[in-house]
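Colleague: Sequence and predicted structure, then a few things I'm wondering about:
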Amino acid sequence: MVGDRLLVHGNTVGERDRSGVITEVQGTNGEPPYVVRFDDGHTGLVFPGPDAVVVPK
């Protein structure tokens, strides 16, 4: 849901974890894809994989 945090774990050696706030839900019934404003300032459309966790606000 909008306002929840998305945490994406780095899945290769040296890749950092990323996190951000879900600003828009484009799927039906709260399903992905999500528009996420990441903590580094960039915004992107995300289809979360098994390395991602949604943390409710």
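Modeller: Looks like it came in fine.
Colleague: Which elements pack onto the longest strand seen in the chain?
Modeller: Looking across the chain with DSSP state E, the single longest strand is strand 18-25. Contacts defined by 3 or more CB pairs under 8 Å, 6 or more residues apart in numbering; DSSP states H and E place strand 18-25 against strand 5-8, strand 34-38. Backbone N, C-alpha and C define where each C-beta goes, glycine included.
Colleague: out of these, which comes closest to Thr28?
Modeller: Nearest of these to Thr28, taken as CB to CB: strand 34-38 at 12.7 Å.
Colleague: Describe which strands that closest one pairs with in its sheet and in which direction.
Modeller: When pairing is defined by DSSP bridges, strand 34-38 lines up against strand 18-25 (antiparallel), strand 43-46 (antiparallel).
Colleague: Tell me which of these sits nearest to Val8.
Modeller: Closest to Val8 of the strands paired with strand 34-38, according to CB to CB: strand 18-25, at 4.6 Å.
Colleague: out of the helices and strands packed on strand 18-25, deepest packed?
Modeller: Mean neighbour count, computed with mean count of other CB atoms under 10 Å, is highest for strand 34-38 among these, reaching a mean of 19.
Colleague: Which residues does that one contact?
Modeller: Identification of contacts with strand 34-38 by CB atoms under 8 Å, 6 or more residues apart in numbering yields 6, 18-27, 43-46, 48.
Colleague: sorry, back to before: which stretch among the helices and strands packed on strand 18-25 comes nearest Gly14?
Modeller: Gly14 sits nearest to strand 5-8 of all the helices and strands packed on strand 18-25, at 15.0 Å, using CB to CB.
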